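Asker: everything below, folded, please.
(chains A, B, C and D)
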2 protein chains.
Amino acid sequence: MKILYVEDEPFLGRIVKESLEVRDFEVRMVADGKLVLSVFEEFKPDICVLDIMLPNKDGYSIAQIIRQSNGSIPIIFVTAKTQTEDLLKGFEVGGNDYLRKPFSMEELIARVNNLLQLTQKLTSTSNQLFKIGTFEFVPQRYELRKNGTARKLSHREAMLLHILAENQNMNIDRKTILMRVWGDDSFFNSRNLDVYITKLRDYLREDPAIEIITIKGVGYHFAVGN
Amino acid sequence: MKILYVEDEPFLGRIVKESLEVRDFEVRMVADGKLVLSVFEEFKPDICVLDIMLPNKDGYSIAQIIRQSNGSIPIIFVTAKTQTEDLLKGFEVGGNDYLRKPFSMEELIARVNNLLQLTQKLTSTSNQLFKIGTFEFVPQRYELRKNGTARKLSHREAMLLHILAENQNMNIDRKTILMRVWGDDSFFNSRNLDVYITKLRDYLREDPAIEIITIKGVGYHFAVGN
DNA sequence: TGAATTCAATGTTAATTAAGGTTAAAAGAA
DNA sequence: TTCTTTTAACCTTAATTAACATTGAATTCA
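Answerer: Reported below is the predicted structural model:
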């Protein structure tokens, strides 16, 4: 994802640029308002982060001009102007978010991701993958993989393994599992859990370094390692 | 435009509600977290404004549950919690904006309008286009495209794919789909849905990164990617 | 103290039930 | 007609329930 970042304070600019790059964004920074348009045309960013007070051309007019040629690209203002009127003007000229300085990097990133998602540029937030010994578990696809082959898990199996996977080598309450997978912890669901634990043990048996250990009266311990 | 407003401070709540109504929004205010879901189902708002600290059920879990049945409705958190971690959690559970108290009414309204515009671009504007793996789907034209060739979908096929497309990588209730495509969820329509899922699976089969996963007793999960 | 006993908790496997998948034929629309 | 939608029939699979087996900590007894 490409971010056009317009900022004239070199010190702040550098910190923000680097923090964004650590998150795998490709960042182009521009300090001079006059130059923004040509860089925009050439760089073709997915999102713009604009400071408002700039030499030569302010952020508002830049946003307006960008909007003329692109009605959908998300624009975030980042500025020391804290007045509500300034914010209103920001939205008026076509901005989609307005962040007051000083701000936390985490917040900027959350807002950038949110806007990218809203405009469909970002397919999904969590494309996570768990490593469980020699297995890989992809919750998005309900898939347990090993050596390139994948086993499809059912919904309950996947939810249970998900909980175990995010608690490797830690104790997990029976009750916690029951609440998250079945929504309550009645007697019957409790026996149900036993059945699914057996299934997962079966699937995971081919890696001897993995073990679902019972802690009687408490829950389970998902041991993964040598 | 209908706003679901969840707030337990009656004094603030009343002021905000009235200010929104002056701007021609239809506002339904709920103070008890437990009641939100049923009001949501019945009121069918266009946007939600949620306080976080509530009796019975906090705003985060409310957002999460709303997201289960509706992946695209905008959610704004409005809260006295000022920590960055609270904001991050808000975005994590599916929120689209986060406004710290005290806030100006003008700002809330600007942000509400901004989100409505952003999501309306998605739902109503002329040339909206969904990327689904290597496919493209153009709901206006009932067209599913891949490598330049287009397949015309029927009305029901297109509606169903539309719902899936705007909820990629999320769980979607069977009931929600039935209500939106057929208007009710009787037994016969329910079997009808199965038939159309089979058709879409058939159309989408040529991209192995796409999968409509069944969640028995719940609904579907439209996995795209990885 | 240690061995034997007990019993609730959990393991395992199989049967049952209900949800959904698939396909084709019938019914409606255009 | 021709295409879409609905209905129907039959098939497959996940989730639950049930039945019986095993385990291990707690209790009792020697």
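Asker: can you get me a residue count around whatever residue of chain A ends up closest to DNA strand D?
Answerer: Residue nearest to DNA strand D within chain A: residue A:154 (2.9 Å; C-beta to the nearest atom of the strand). In this view, the C-beta of every residue, glycine as well, is placed from N, C-alpha and C. By the criterion of other C-beta atoms under 10 Å in any protein chain shown, residue A:154 has 15 neighbours.
Asker: next: residue A:203.
Answerer: Considering only other C-beta under 10 Å, residue A:203 is surrounded by 16 other residues.
Asker: check what pLDDT it gets.
Answerer: We have a pLDDT of 97 for residue A:203.
Asker: per the record, what domains does chain A have?
Answerer: A:2-118, A:130-224 (automatic domain parsing).
Asker: out of those domains, which comes closest to DNA strand C?
Answerer: Among these, the nearest to DNA strand C by C-beta to the nearest atom of the strand is domain A:130-224 (3.9 Å).
Asker: wait, does the closest one contact DNA strand C?
Answerer: Yes - on the criterion C-beta under 7 Å from any atom of the strand, domain A:130-224 is in touch with DNA strand C at A:174, A:190-191, A:194-195, A:197-198, A:201, A:214, A:216-219.
Asker: what's the end-to-end length of that domain?
Answerer: Domain A:130-224 has an end-to-end distance of 12 Å (C-alpha to C-alpha, to the nearest Å).
Asker: please give the element, helix or strand, for residue A:98.
Answerer: strand A:97-100 (DSSP states H and E).
Asker: which SSE is immediately downstream of that strand?
Answerer: Moving toward the C-terminus from strand A:97-100, the next helix or strand (DSSP H and E) is helix A:105-118.
Asker: tabulate the CA atom coordinates of that next one in CSV.
Answerer: In CSV, the C-alpha atoms belonging to helix A:105-118 read as follows (Å, rounded to 0.1, in the frame of the first residue of the first chain):
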residue,chain,number,x,y,z
MET,A,105,1.6,6.5,15.6
GLU,A,106,-0.7,3.6,16.5
GLU,A,107,-3.7,5.8,16.1
LEU,A,108,-2.6,7.1,12.7
ILE,A,109,-2.0,3.5,11.5
ALA,A,110,-5.3,2.3,12.8
ARG,A,111,-7.1,5.2,10.9
VAL,A,112,-5.1,4.6,7.8
ASN,A,113,-6.0,0.9,7.8
ASN,A,114,-9.6,1.7,8.6
LEU,A,115,-10.0,4.0,5.6
LEU,A,116,-8.2,1.6,3.3
GLN,A,117,-10.6,-1.1,4.4
LEU,A,118,-13.7,1.2,3.9
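Asker: can you tell me if it touches chain B.
Answerer: Yes - contact of helix A:105-118 with chain B (C-beta under 8 Å from any C-beta of the partner chain) involves A:106, A:107, A:110, A:111, A:113, A:114, A:115, A:118.
Asker: residues near the closest residue to the first one other than its chain neighbours, how many?
Answerer: Think residue A:106. Counting by C-beta to C-beta, 6 or more residues apart in numbering or on different chains, residue B:84 is the residue found nearest to residue A:106 once chain neighbours are left out, at 5.3 Å. The burial count assigned to residue B:84 is 15, neighbours taken as other C-beta under 10 Å.
Asker: residue A:79 - how many residues pack around it?
Answerer: Neighbours of residue A:79 (other C-beta under 10 Å): 20.
Asker: contacting residues for it?
Answerer: Applying C-beta atoms under 8 Å, 6 or more residues apart in numbering or on different chains, we find residue A:79 in contact with A:51, A:52, A:53, A:59, A:86, A:90, A:98, A:99, A:100, A:101.
Asker: quick one, what contacts residue A:18?
Answerer: Counting by C-beta under 8 Å, 6+ apart, residue A:18 has no contacts.
Asker: for it, pull up the helix or strand it's in.
Answerer: Counting by DSSP H and E, residue A:18 is found in helix A:10-22.
Asker: quick one: the residue nearest to residue A:106 and residue A:24, what's the gap?
Answerer: As for residue B:84, its distance to residue A:24 is 21 Å (criterion: C-beta to C-beta, to the nearest Å).
Asker: stretch A:201-217 and DNA strand D in contact?
Answerer: Yes - Stretch A:201-217 lies within reach of DNA strand D by C-beta under 7 Å from any atom of the strand, at A:216, A:217.
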